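Chemist: Sequence and predicted structure, then a few things I'm wondering about:
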Amino acid sequence: MTNSNLVAVFNGQIANQPLQLCNARDLHQFLEAKTQFGNWISDRISDYGFTQNEDYIIVTQRTNGRPRKEYHITLDMGKELAMVERNEKGRQVRKYFIECERRAKELTKQQQPFPLAEAEADEEAIRIIANLYHSLNGAYEMGEKIRKEYPHLGRDIDKFIGGHYLYNLNMPTENALTKARKYVQAKSERIMFIKGMLSLLDEQPQPKRLNNF
């Protein structure tokens, strides 16, 4: 039996988290469970402590004009439901879910180096800009102090160098400092976001304990 004959897996969200899901009704059919679906899923949720909006969500769909509840479940929940059936079908679909998770994780790893490498390059650029910023800011503050507290010294500098040196340097220096500060803030927020997302992807979910198994 090929994977195309197994339970359909699709991308969805639970509590705003992107996850791979499957329809519990499809799983029930594949497992060839003897119990009617409504009783089967209710009993499994009760017996094994599954939590709505964590392990599954309920979606209401209309079939022939009548509403029907569908349970979209995580693959972790699907693996546990398959395992407690204790038959060949259960073992088969559990391995299939594990393979689906492995492929999704492998795809994520292939995509990770690009934003991470870019973030690390941005970090190096930020360190350089921050050093330049502090040096330039020190010179700017010294110039402001001379201009305001020691105007006679400022006039001597202008006379020696020529032109209104301190005055003409003030505005472009202030603009450059403002732009550098905004750039560092924006890049820092992006780096924190990328690293935060990658750390979430690296976290391994802990399986629930099957007390009755």
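Modeler: Looks like it arrived, so ask away.

Chemist: Which parts of the protein belong to which domain?
Modeler: By the assignment in automatic domain parsing, the chain contains the domains 3-111, 113-202.

Chemist: For these, give me TSV that also has mean pLDDT and mean neighbour count.
Modeler: Any C-beta I mention is one placed from the backbone N, CA and C, and that applies to glycine too. As requested, those are arranged in TSV below (pLDDT from 0 to 100; neighbours: other C-beta atoms under 10 Å):
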stretch	mean pLDDT	mean neighbour count
domain 3-111	92	15
domain 113-202	66	13
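
Chemist: So residue 71: helix, strand or coil?
Modeler: Three-state secondary structure (criterion: DSSP: H, G, I helix; E, B strand; the rest coil) places residue 71 in strand.

Chemist: ok, it touching residue 52?
Modeler: No - proximity of residue 71 to residue 52 does not meet the contact threshold set by C-beta atoms under 8 Å, at 9.1 Å.

Chemist: who touches both of these two?
Modeler: residue 58 (C-beta atoms under 8 Å, 6 or more residues apart in numbering).

Chemist: and residue 69, what are its bridge partners?
Modeler: With DSSP bridges applied, the residues forming beta bridges to residue 69 are residue 60.

Chemist: how about it, what does it touch?
Modeler: For residue 69, the contact set (C-beta under 8 Å, 6+ apart) comprises 58, 59, 60.

Chemist: Equivalent analysis for residue 33, please.
Modeler: So, once contact is read as C-beta under 8 Å, 6+ apart, residue 33 ends up touching 40, 85.
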